[in-house]
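> return a 3D structure for these sequence lines:
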Amino acid sequence: QINRVNEVKAGIEFIRQNSNVNYGSFDKVLPSGRTTSKWNTNPIRIGAFIQDKLEFNGMIANLGLRLTYSDPNIEWYDYDDFTDLFDNGNASALDTAATSDVKPQIVLQPRLGVSFPITDNSKFFFNYGHNIQLPDPENLYLVRVEPFTNTVTRVASPNTKLPKTINYEIGYEDNVFNNYLVRVSGYYNDARDQ
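Predicted coordinates for the structure are as follows:
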């Protein structure tokens, strides 16, 4: 008997976030080494996915694709590796530094999951997928200045690529005596742009 099932799911999400951060370390007696950290941003993220589940004679395949659009929605400082923009005592130079729009990133994330029945109580399976994480906002928007010396001590980069992990998993499941599920699997994660 041939059993075919086809299920398609799709979705979209839109996130516009307001991140207004202002914190620091202050000490009137020992002002040296104290810093402030500030940013006010409105990043935009859009995610869309489509997933199809196929069943054919006991074999199940889940195929999916996710698209992530990430826009820091900010202008950022233009500088090269050997800039003097951040020299000691020159934090006020940031007020007049050249800036340009940060380009949004678009990332496609394929996903695949397949399971094959071996017997009525056991199956072999394989999973593959790309996942991204959003970097910590401090790594995107932070400009840290030490007020006592007027020194820029840290500058983040909203141009940073989104960290990606590619996951692989292969395994075997067996329903022993209809009471116990035995699962043996191995996996590998390939982390990039961390």
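> what about the helices in the chain?
Assigned by DSSP state H, the helices in the chain fall at 138-141.
> which residue packs closest to the most centrally placed residue in it, ignoring adjacent ones?
Residue closest to the average C-alpha location in the chain (CA atoms, centre = their mean): Gln133, at 1.5 Å. Distance criterion CB to CB, 6 or more residues apart in numbering; nearest residue to Gln133, sequence neighbours excluded, is Pro163 at 4.8 Å. In this view, the C-beta of every residue, glycine as well, is placed from N, C-alpha and C.
> these two touch, right, Ile118 and Phe124?
Yes: Ile118 is within contact range of Phe124, at 5.8 Å (criterion: CB atoms under 8 Å).
> now the common contact residues for these two.
Contact criterion CB atoms under 8 Å, 6 or more residues apart in numbering; residues bridging Ile118 and Phe124 by contacting each: Tyr172.
> pLDDT score for the residue nearest to Ser19 when sequence neighbours are not counted?
Nearest residue to Ser19 in three dimensions, chain neighbours excluded: Thr41, at 4.9 Å (CB to CB, 6+ apart). pLDDT for Thr41: 91.
> next up, the contacts around Thr41.
Asn18, Ser19, Pro72, Asn73, Ile74, Pro137, Leu140, Tyr141 are the contacts of Thr41 under CB under 8 Å, 6+ apart.
> of these, which is the nearest to Thr35?
Thr35 lies nearest to Tyr141 out of the contacts of Thr41, by CB to CB, at 15.0 Å.
> any idea how far the closest one lies from Val176?
53 Å (CB to CB, to the nearest Å).
> who has more neighbours, the two?
Applying other CB atoms under 10 Å to Tyr141 and Val176 shows that Tyr141 carries more neighbours, namely 23 against 10.
> does that one touch Ser37 like I think?
No: contact criterion CB under 8 Å: Tyr141 and Ser37 do not qualify, at 9.4 Å.
> what is in contact with these two at once?
Common neighbours of Tyr141 and Ser37 (CB under 8 Å, 6+ apart) are Val21.
> what's opposite the nearest residue to Tyr187 once chain neighbours are set aside in the beta bridge?
Of all residues not flanking Tyr187 in the chain, Glu169 sits nearest, at 4.2 Å (CB to CB, 6+ apart). On the basis of DSSP bridges, Glu169 is bridged to Asn127, Tyr187.
> circling back: dump the residue contacts of the residue nearest to Gln133.
Contacts for Pro163 (CB under 8 Å, 6+ apart) come out as Ile132, Gln133, Pro135, Ala191, Arg192, Asp193, Gln194.
> quick one: it from Lys103, how far?
Pro163 is 18 Å from Lys103, where distance means CB to CB.
> on that earlier part again, and the contacts of Thr41, which two are the farthest apart?
Greatest spatial distance among the contacts of Thr41 (CB to CB): Asn18 and Leu140, at 14.3 Å.
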